[in-house]
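*Asks:* give me a model of this one.
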Amino acid sequence: MPFDALDARILRLLLDQPRTSVRGYARILGVARGTLQARLERLERDGVITVAGPRVSPAALGHPVLAFVRIEVARGHLDEVGGALADVPEIVEAFSVAGSGGDLLTRVVARDNAHLESVIQRLGRLPGVVRIRTEIALSERVAYRVLPLVEALAVEAGAESRAAAGAETGAEPGRPEAR
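*Replies:* Reported below is the predicted structural model:
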């Protein structure tokens, strides 16, 4: 999927002002509504934009304890255990991982430490679970974000488009065109 400066501007705007209408975005960006709509549809189709909706805080819902639970699974049971994780409401994310820390990495929320312990015990009873290691998060240092990545990609896209424009005019990249 080609990613250009307009895509970067669209993503930056979506991240900065998530509640603006498509018409409002088009006006701010100075593009036709149809152009913006086509770009948004392509970004969704290509999987760049993956979620539409509010980000809900488990802490505000009474689950302030956050833990990362690594689960080691017996050979041949990864799909079974991975599927069972979806039945545990306190698991807000789960990933298959490679490395020395286990086979699954989950993000678990709980009301308090006793509740966390009961969730961990429930996980330990799943058929195929060999070992569990838990790390409790003390504080969030960097909240989930993608804007810095979008900004870096925008710089790259801008540099590539300037280089392409220079190639079309015969100018050397990084040097102004002779007049």
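*Asks:* surely V130 forms part of a strand?
*Replies:* Yes. Counting by DSSP: H, G, I helix; E, B strand; the rest coil, V130 is part of a strand.
*Asks:* now it. Nearest residue, chain neighbours left out?
*Replies:* Spatially, and ignoring its direct neighbours in sequence, V130 is nearest to E72 (4.5 Å; CB to CB, 6 or more residues apart in numbering). (Glycine included, C-beta is placed from N, CA and C.)
*Asks:* neighbouring strands - and their directions - for the strand or helix carrying E72?
*Replies:* E72 belongs to strand 65-73 when assigned by DSSP states H and E. Strand 65-73 pairs in its sheet with strand 104-110 (antiparallel), strand 129-136 (antiparallel), by DSSP bridges.
*Asks:* let me have those strands in CSV, adding distance to V31 as columns.
*Replies:* Formatted as CSV, the strands paired with strand 65-73 follow (distance: least, CB to CB, whole Å):
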stretch, distance to V31
strand 104-110, 37
strand 129-136, 45
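*Asks:* which of those sits most buried?
*Replies:* strand 104-110 (a mean of 21; mean count of other CB atoms under 10 Å).
*Asks:* show me what the nearest residue to N113 once chain neighbours are set aside bridges to in the sheet.
*Replies:* Leaving out its chain neighbours, the residue that sits closest to N113 by CB to CB, 6+ apart is V65, at 6.5 Å. Beta bridges link V65 to A110, judged by DSSP bridges.
*Asks:* what about V65, how many neighbours?
*Replies:* 19 (other CB atoms under 10 Å).
*Asks:* I figured it hits L116, correct?
*Replies:* Yes. Shown here, V65 and L116 form a contact pair, counting by CB atoms under 8 Å, at 5.3 Å.
*Asks:* now do the shared contacts for the two.
*Replies:* A110, I136 (CB atoms under 8 Å, 6 or more residues apart in numbering).
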